[in-house]
Structures are given as C-alpha cells and as structure tokens.
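Trainee: A predicted structure for the sequence below; I have some questions about it.
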Amino acid sequence: AQSVTQLDSQVPVFEEAPVELRCNYSSSVSVYLFWYVQYPNQGLQLLLKYLSGSTLVKGINGFEAEFNKSQTSFHLRKPSVHISDTAEYFCAVSENTGNQFYFGTGTSLTVIP
Amino acid sequence: NAGVMQNPRHLVRRRGQEARLRCSPMKGHSHVYWYRQLPEEGLKFMVYLQKENIIDESGMPKERFSAEFPKEGPSILRIQQVVRGDSAAYFCASSLDRGPYEQYFGPGTRLTVT
C-alpha cells in the first residue's frame, strides 16, 4: 500500500508571495499523482494531475506541480497566492493496478492579507 | 451538468441508530468510491463499487458497515448501530472508468453521533 506524506500541516503565507506545498509518496511502482483542494464544508476539487509525459504539470488557478520520480515527490507551487487560495490541499496517489486513491493528511494554506 | 450528489449533507444520529448515506454519481459514471475523513486527517478509502457489484471493500470496517450500488438509484453507505467514533465526513467519488481516471468528489455527508 502507498503512503503519502504531506510534511507541512499548516502553511501561512502573505498575499502575493510564492508558496510550495510538499508531497512525498512511498512506492516505486508506476503511480498517478493528483492534487485536490477542499474549501470549508465542501468536497474536493481537482487542481491538477500527473498521469504521464512532462513532469511539470499545470493546473487551475495558477497552480503547478513537478513530478520527481527519483525523489518520489510531487510538490505543488504557485508563484503568487491570493486570499481566495486559503483552503486545505490534499495530495493523492493512485497505482495503475489499484482501485483507490491514497491521500495525504492535508496542508492547510492560510493566505494573510 | 450535475456533479456528484450526496445527501443528506448533515446527519445526526444517536448511538445505536442506523445511518444511511446516499450518493448519486456523475452522469455516465458507473464507478463509485466511498471515503471517510476523520477530523484532522486525510481521506481514507473504504469501498469501490460498480453497478450491482462490490469490487474492493478492503477499507471497510468488518462490522456494521455495508455498501451497495443497485442497478437503479444511488449508491448507499449504511452504518448500523452507530458509535461516536463513526462521526466523520463521508465522501463519495465517481469516475468514468477504472484506472487512473480523475475521481470527482461529492460535497460529503457530515455524520455526527451523539
């Protein structure tokens, strides 16, 4: 089974500053990687996904992530955050032979005006 | 273009009662997944179903929990004789097919056991 680690449980950042949310996974088998965002009392919305191809993936709302196979990481970045980016962010991993997504424990991003 | 629908959004049950959570997948999706989110934790997989079949229930507690996805109607997650530890947010997701396809999530049902 996969283990997904989001090292930072809370990340405060000032508005218009850059941010990086870290995600590492455990398995070396072929994986697919996702970042979801959850606003308070809502479901999860897909930000971006890596299935194959270019290791730099661009998503919605100006977010991007880079897949690093050697470091088993899939960190999420945004060059300039907005107040509206305040939310919980979850990294998820799926194996090509599996049925489920494995989620990290989430990173709470707070954008400070 | 309705997304994944879940109802109720909030459910309060007393210890020992039954909880029924419903999930209608996106149109055209025949794969449904249930996840549980405990406070301060990520989502944990519970069960994966296709129409009329349970494909993977490796994340389901052995007792009191069951799930179904009938030929007609929504998927149902049923929790019998609820206990306080069942208080959580339960999310349903659906996908177009099996494999690394995006899972679309519903808004969740927040179950509170008093």
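Mentor: Thanks, I have the structure now.

Trainee: Tell me, how many residues neighbour the spatially closest residue to A:Thr110 that is not a sequence neighbour?
Mentor: In space, and not counting its chain neighbours, A:Thr110 is closest to A:Pro12: 4.7 Å by Cβ to Cβ, 6 or more residues apart in numbering or on different chains. (Glycine included, C-beta is placed from N, CA and C.) Neighbourhood size, A:Pro12 [other Cβ atoms under 10 Å in any protein chain shown]: 11.

Trainee: Can you tell me how far A:Pro12 is from chain B?
Mentor: Per Cβ to the nearest Cβ, to the nearest Å, A:Pro12 is found 17 Å from chain B.

Trainee: residues contacting B:Gln6?
Mentor: A:Gly43, B:Leu21, B:Arg22, B:Cys23, B:Ser24, B:Tyr90, B:Phe91, B:Cys92, B:Gly106, B:Pro107, B:Gly108, B:Thr109 (Cβ atoms under 8 Å, 6 or more residues apart in numbering or on different chains).

Trainee: Which of these fall in strands?
Mentor: Among the contacts of B:Gln6, the residues falling in strands (DSSP state E) are B:Leu21, B:Arg22, B:Cys23, B:Ser24, B:Tyr90, B:Phe91, B:Cys92, B:Thr109.

Trainee: and chain A, which of those residues contact it?
Mentor: On the criterion Cβ under 8 Å from any Cβ of the partner chain, B:Phe91 are the entries of the ones in strands among the contacts of B:Gln6 that sit beside chain A.

Trainee: Quick check: B:Val4 touching B:Phe105?
Mentor: Yes: counting by Cβ atoms under 8 Å, B:Val4 touches B:Phe105, with 6.2 Å between them.

Trainee: neighbour-wise, which of the two wins?
Mentor: B:Phe105 (24 against 21).

Trainee: list the helices and strands the helix or strand of chain B with the lowest mean pLDDT packs on?
Mentor: The weakest-scoring helix or strand in chain B, judged by mean pLDDT, DSSP states H and E, is strand B:104-105 (a mean of 90). Applying 3 or more Cβ pairs under 8 Å, 6 or more residues apart in numbering or on different chains; DSSP states H and E, we find strand B:104-105 packed against strand A:44-50, strand B:88-95.

Trainee: Could you give the separation of that strand from the chain centroid?
Mentor: On the basis of Cα atoms, centre = their mean, to the nearest Å, strand B:104-105 sits 11 Å off its chain's mean C-alpha point.

Trainee: what do you get for stretch A:44-60?
Mentor: The chain centroid and the centroid of stretch A:44-60 are separated by 9 Å, computed with Cα atoms, centre = their mean.

Trainee: Please work out which residues outside that stretch touch it.
Mentor: Residues from elsewhere that reach stretch A:44-60, judged by Cβ under 8 Å, 6+ apart: A:32-39, A:61, A:63-69, A:74, A:76, A:89-90, B:43, B:91, B:93, B:100, B:102, B:104-105.

Trainee: Just those residues: which are in strands?
Mentor: Using DSSP E, the members of the contacts of stretch A:44-60 that fall within strands are A:32-38, A:64-68, A:74, A:76, A:89-90, B:43, B:91, B:93, B:104-105.
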